[in-house]
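>>> Here is a sequence together with a model predicted from it:
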Amino acid sequence: MALAKAKFATPELPDIVVAPKIRPDAMVDTRPFAAKPEHLKALGFPEQLPENWKQVALDKMADLLGKYRSLQVFLDSCVKCGACTDKCHYYLGTADPKNMPVARQDLLRSVYRRYFTLAGKLMPKLVGARELTQEVLEEWYTYYHQCSECRRCSVYCPYGIDTAEITMAGREILNCVGIGQKYTDEIIGKVFKIGNNLGLPGPALVNTMEGLEEDVEEETGVTVRYPVDEAGAEILLITPSADFFAEPHIDGLIGYGKVFHQMGASWTLSSHASEAGNFGLFAGNYENMQKAAMRIREAALELGVKRIIVGECGHAWRVAYSFWNTLIGPFDFLDPAYPVPQHICEYTYDLLQQGALKVDKSANDERVVTFHDSCNVARGSRMGNIPGGQFIIPREVIRGVCNHFVDMAPETIGEATYCCGGGGGLLTDDLLELRVKGAMPRMQALQKVIEDHGVTHMAAICAICKTQFAKVMPYYHIGTDSVISVHQLVGDALILGREQ
Amino acid sequence: MFLAGLYASLFYFAVLVLVIGVAARVIRYIKVPSPLVIPTTPAPLTRGGVALRMVREVALFESLFKSNRWIWLFGYLFHFGMLLALLRHLRYFTAPVPQWVVMLQWLGIYAGMAMVVGLLGLWARRVLVDRVRYISAPSDHLMLALLVGIGISGLTMKYVTHPDIVGLKAFILGLLRFDWQPLPGEPLLILHLSLVITLMLVFPYSKLLHAPGIFFSPTRNMPDNPRERRHLAPWAARLPLESTHRS
């Protein structure tokens, strides 16, 4: 298995994306690197397959069935109608039938039926039930790491079955028998140990921010601060650690700082909670997700802030918006005048609405911008106070700072948005083939607006999306630098300095 | 009277299995908590909004309509055809027959046909569309066969064999009043009843659980209000919360 990665063909971008004919086992050999014993140990999982693995796995399944109504109802309710079969970007990009949401669910449902339902116990063959074997575990490992937990299928299922919930359960069971994915497990461990996904320690963070201040001053002539651990600041900014150094993320961070600067807001980053991302979500483990999030509550209390604002990160915003209050709330120590947490786009949008920011839109005139709705923001969260605000607010922010904005095809944005292809813990180079192929539907929609409207940039509000696009766009002959942070657009258009 | 006795017992048994089986499942769904707020967004912000979303989902198959117009069409014909046909059958269970059931009789017949057409459409997709063929287990075909069998045997009685309806009604009313009456021994009628009993028996142990399941689907029945309300599940509330500071 340690052979050099075989070359793969990048899909052609079709005129319209249609469901391919199934190609069984097309992706059966694509699986991510396995977690090492120390990665598993750090998260409290067994370091290798236990002798009684089958019992452990079935006990875990029973445990999850009793804890998550989603899992219990979803495993019972599917009628195999086929509505989801052409909705997954990985199926569209790979044609492997096990990447159809219903087939992905059935990898686990078949085992559920065999051990937890009367029909499956009595007539396994008839109802598609099967024994749990090591081959089944391998199959789970392969195909539950070809799902980005983007929830697109859940929009189209007549019962709202969300494959992400099944994938999370599958990954949790695998971890519990010592079969973990290196990328996700290692990152959760880094957050527990150091506080962010990168393993960037506090002093390095301070250094990086000081460097950033110098860069911004050099470029703009204005001293914009990027403070770390400033007790008594009003706002705690929780942002994905990729914002601290990756391109194009860092230009987004520069943009947040400029907005805060312009408002004279007192804000700070935290070296204890230096990560918005929470890979505990991807692994489907409540305790790990809670433990990773707990650092944020602690930082907010210790720094004595009044508000928490979250930077551009898709799954982080889902965890923050949808889960924080439950996991690490209540936030009764924060100022109730502001939503907790608040998205940086909500913050900037309000300021633009109030006319509180001076903007020169022509600064972005060489850009024709489109917007990629990140899956976790689109289908797992909200912004503002009306349903669908998560689609309106980022677009209004972009329109507020750019003269040229075009949307991609309606069936590829909003709640129907296609995943970037790298979400859900798959943003690792050992899954590059999957990532490139899974990006096909998004790349197709982007290519269309490039051709039809001369789009030069696709803005995004997710660290994973940005990294993924920067990596896979060249495979589709689209420039790496065409992906851009929404707050880079904001930062570039902002007129710094206050009127006296 | 042997036939009547057998089928009376089977009916009582099937009703018990159906009611107790589904109730047990529903109780299970109620008991298992949703520890996190996971509606598929955009979602309604209030319980009233959620109720409306659920009504649209159940009455219009809203998500399915977004997904695939063929499945929606066939699925809709089948489900609402079956509903109307079932309501038409109330005339065998009531005396005197309510006026609205009388008025429904002609429609119920067309509904029965729509039901069979819808089912055959769904079955055709299961055979012809490679993706749907791939995900179909034998039980998926059998379920369709069962429902088509019920529809066709019913329609055949209406148009071809004309069984002893008066005798059938006496038998059914007898079941309801625990005053057992003979059952007309016509083969097609016996087949129809047997298939219906089978359907009732498999209901709580099969994918037919989607009917109660939809109402408990967290992606559809949760309001989008997590910033305003905590949703702490009892098991989650018991988790120990430790400081993440390393000593």
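Alright, I've got the coordinates.
>>> hang on, B:A8 packs against B:P182?
No. If you go by CB atoms under 8 Å, B:A8 and B:P182 don't touch, sitting 10.3 Å apart. The way it works is simple: take the backbone N, C-alpha and C, and place the C-beta from them, glycine included.
>>> so what sits against both of the two?
Taking CB atoms under 8 Å, 6 or more residues apart in numbering or on different chains as the criterion, B:A8 and B:P182 both touch B:F171.
>>> Who has more neighbours out of these two?
B:A8 (19 against 15; other CB atoms under 10 Å in any protein chain shown).
>>> what helix or strand does that one sit in?
In this structure, B:A8 sits in helix B:2-31 according to DSSP states H and E.
>>> for A:T370, same thing?
strand A:369-371.
>>> contacting residues for the closest residue to B:H245 other than its chain neighbours?
Closest residue to B:H245 apart from its sequence neighbours, by CB to CB, 6 or more residues apart in numbering or on different chains: A:E298 at 7.1 Å. Counting by CB under 8 Å, 6+ apart, A:E298 touches A:272-273, B:243-245.
>>> Pull the distance from the helix holding B:A8 to the chain's centre.
14 Å (CA atoms, centre = their mean, to the nearest Å).
>>> list the helices and strands it packs on?
Helix B:2-31 sits against helix A:69-77, helix B:165-177, helix B:187-202, helix B:210-213, with contacts defined as 3 or more CB pairs under 8 Å, 6 or more residues apart in numbering or on different chains; DSSP states H and E.
>>> CA atoms of the helix or strand that contains A:E302 as CSV?
According to DSSP H and E, A:E302 maps onto helix A:286-303. Extracted C-alpha coordinates of helix A:286-303, given in CSV (Å, rounded to 0.1, in the frame of the first residue of the first chain):
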residue,chain,number,x,y,z
TYR,A,286,-19.8,14.7,21.4
GLU,A,287,-17.3,14.6,24.2
ASN,A,288,-14.3,15.5,22.0
MET,A,289,-16.3,18.3,20.3
GLN,A,290,-17.3,19.6,23.7
LYS,A,291,-13.8,19.4,25.0
ALA,A,292,-12.4,21.3,22.0
ALA,A,293,-15.1,24.0,22.4
MET,A,294,-14.6,24.3,26.1
ARG,A,295,-11.3,26.2,25.6
ILE,A,296,-13.4,29.0,24.0
ARG,A,297,-15.7,29.4,27.0
GLU,A,298,-12.6,29.4,29.3
ALA,A,299,-10.8,32.0,27.2
ALA,A,300,-13.9,34.3,27.1
LEU,A,301,-14.2,34.1,30.9
GLU,A,302,-10.5,34.6,31.5
LEU,A,303,-10.2,37.5,29.2
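>>> Pull out the buried residues from that helix.
Within helix A:286-303, the residues scored as buried using 16 or more other CB atoms under 10 Å in any protein chain shown are A:286, A:288-300, A:303.
>>> Run the chain-centre distance for it.
For helix A:286-303, the distance to the chain centre is 19 Å (CA atoms, centre = their mean).
>>> after it, next one along is what?
strand A:307-310.
>>> Quick check: mean pLDDT of that next one?
For strand A:307-310, the mean pLDDT works out to 98.
>>> Stretch B:205-224 now?
Here the average pLDDT along stretch B:205-224 is 98.
>>> Quick one: check that stretch for contact with chain A.
Yes. Shown here: stretch B:205-224 in contact with chain A (CB under 8 Å from any CB of the partner chain) through B:205-207, B:209-210, B:213-214, B:216-220, B:224.
>>> Buried residues in that stretch, which are they?
For stretch B:205-224, using 16+ other CB under 10 Å, the buried residues are B:205-210, B:212-214, B:216-224.
>>> Then stretch A:401-415?
A:401-402, A:404-405, A:407-408, A:412-415.
>>> Would you pull up how far it lies from the middle of the chain?
Distance, centroid of stretch A:401-415 to centroid of chain: 20 Å (CA atoms, centre = their mean).
>>> now the end-to-end length of that stretch.
24 Å (CA to CA, to the nearest Å).
>>> Is chain B within reach of that stretch?
Yes. Shown here: stretch A:401-415 in contact with chain B (CB under 8 Å from any CB) through A:E415.
>>> pLDDT on the helix holding A:E302, on average?
97.
>>> Where does pLDDT dip in chain B?
B:246-247 (pLDDT under 70).
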